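> Below are the sequence and a predicted model; questions follow.
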Amino acid sequence: MKRIAVFASGSGSNAEKIAKHFTDSEIGRVTLVCTNNKKAGVIDRMKKLGIPVYIFTQEDLENGNVLSRLRSAKIDFIALAGFLKKIPSDILKAYERKIVNIHPALLPDYGGEGMYGMRVHEAVVENGEEETGITIHYVNEEYDDGEIIFQATVDIDPEDTPEEVAYKVQQLEHSHYPGVIESLLQELDD
Ligand code: GAR
């Protein structure tokens, strides 16, 4: 059984979906949630599920403390779910092709630094796009830039507000992210 760490900076609705998906799984289990935000909603969600949360600082991320914690928790795979910091090179090296991110748009469009959450949906609506979606990709040293693993699309109605688009995209995230992670875990070597 593979041990999954989820990194989240915000509300944590995806982290919760992933954790619940693997509750009784023989393939994987969320055994650690890592956050850089001590006020993040994800902390309460994980408390309710009994999953340990590691709250770290930017310094911890840069000086190897976060990697040490991942190693001591024997983490095999990392899923970013609304995590807004860059992953440092020591962690990228230790977890090559074992770190994935979800982005609430169809990359390479509407990605990059500063493009997260509602900003993405506002830009999509402002540009009159007829569809949007989600992208799950490997993580590298740039924001929203690694190899794309999976995309799913949803139509935008002309009268949709950014909030309505956000809701549609969130539904897509919740229904696909846990299953994509499961498929990737099944491909990992023992
Ligand atoms: C999700 O929509 C995720 O795609 C997005 O943050 C949200 C987190 O929601 N991530 C990015 O924009 C990364 N560039 P959640 O905290 O409810 O899971």
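Received the coordinates, thanks. Numbers count the residues shown, from 1 in each chain.

> Now stretch 37-49: buried residues?
Neighbour-count burial for stretch 37-49, counted by 16 or more other Cβ atoms under 10 Å, picks out 37, 40-43, 45-46. (C-beta placed from N, C-alpha, C; glycine too.)

> Ok, stretch 79-86 next?
79-84.

> cool, and stretch 12-25?
Of the residues in stretch 12-25, those buried under the neighbour-count criterion (16+ other Cβ under 10 Å) are 12-19, 21-22.

> Find the closest residue to the ligand in this structure.
Closest approach of the chain to the ligand (Cβ to the nearest ligand atom) occurs at residue 82, with a separation of 2.6 Å.

> per-residue pLDDT, that residue?
For residue 82, the model assigns a pLDDT of 95.

> Now residue 134: closest residue in space, sequence neighbours ignored.
residue 172 (4.9 Å; Cβ to Cβ, 6 or more residues apart in numbering).

> just to revisit the earlier point, the residue of the chain closest to the ligand and residue 18 touch, don't they?
No: checked against Cβ atoms under 8 Å, the pair residue 82 and residue 18 is beyond contact range at 11.4 Å.

> still on that earlier bit, specify the local secondary structure of the residue nearest to residue 134.
helix (DSSP: H, G, I helix; E, B strand; the rest coil).

> Contact partners for the residue nearest the centre of the chain?
Residue closest to the average C-alpha location in the chain (Cα atoms, centre = their mean): residue 81, at 2.2 Å. Contacts for residue 81 were tallied using Cβ atoms under 8 Å, 6 or more residues apart in numbering; they are 6-8, 12, 14-15, 18, 102, 177.

> Now do the contacts for the closest residue to residue 91 other than its chain neighbours.
Taking Cβ to Cβ, 6+ apart, and ignoring the residues beside it in sequence, residue 91 has residue 67 as its nearest neighbour in space, at 5.2 Å. Residue 67 makes contact with 88, 90-91, 94, according to Cβ under 8 Å, 6+ apart.

> mind running it again at 7 Å?
Under the criterion of Cβ atoms under 7 Å, 6 or more residues apart in numbering, the contact list for residue 67 reads 90-91, 94.
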